[in-house]
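A.B. asks: Sequence and predicted model, in that order:
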Amino acid sequence: MRVHNQNSNDPLACQKRDRDEAAFRQGQEAGLNEIAYTSATDFMTENPATEQSMLAPHRVKPYHFKGFSAE
């Protein structure tokens, strides 16, 4: 009886281990993708081009100020 239970549980344990490993790999990949996206966004890099007004290039959006230019 014990051997029969072990034989029926082995494939289930293998499937669970595979699912857990796949979920772990997917979580790691999602974390790396989030880091790559975050480090390349205009918000995190403080891209000064995002603060220009659409009305005129010399105007700045006061609510979107990223700091003074190097000039």
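C.D. replies: In hand now; what should we look at? Residues are numbered from 1 along each chain as shown.
A.B. asks: okay, residue 11: pLDDT?
C.D. replies: According to the prediction, residue 11 has pLDDT 90.
A.B. asks: List the buried residues for the helix or strand hosting it?
C.D. replies: Secondary structure assigned from DSSP states H and E places residue 11 in helix 2-40. Buried residues in helix 2-40, counted by 16 or more other Cβ atoms under 10 Å: none are found. C-beta coordinates here come from the backbone N, C-alpha and C atoms, glycine included.
A.B. asks: from now on call the first residue 805
C.D. replies: All set: I'll call the first residue 805, so the last point we hit is now helix 806-844.
A.B. asks: Quick one: name whatever helix or strand follows it.
C.D. replies: Downstream of helix 806-844 (by DSSP H and E), the next one is helix 846-849.
A.B. asks: How many residues are close by residue 864?
C.D. replies: When counting by other Cβ atoms under 10 Å, one arrives at 15 neighbours for residue 864.
A.B. asks: State the distance from the residue sitting nearest the centre point of the chain to residue 851.
C.D. replies: Geometric centre of the chain, nearest residue: residue 838, 1.4 Å, by Cα atoms, centre = their mean. Distance, residue 838 to residue 851, using Cβ to Cβ, to the nearest Å: 19 Å.
A.B. asks: now residue 858
C.D. replies: For residue 858, the distance to residue 851 - Cβ to Cβ - is 15 Å.
A.B. asks: Between those two, which is the more surrounded one?
C.D. replies: The neighbour comparison of residue 858 against residue 851 (other Cβ under 10 Å) goes to residue 851, with 11 against 7.
A.B. asks: got the phi/psi numbers for the more buried one?
C.D. replies: phi -60, psi 120 (degrees, to the nearest 10).
A.B. asks: same check, this time on residue 864
C.D. replies: Main-chain dihedrals, residue 864, degrees, to the nearest 10: phi -120, psi 140.
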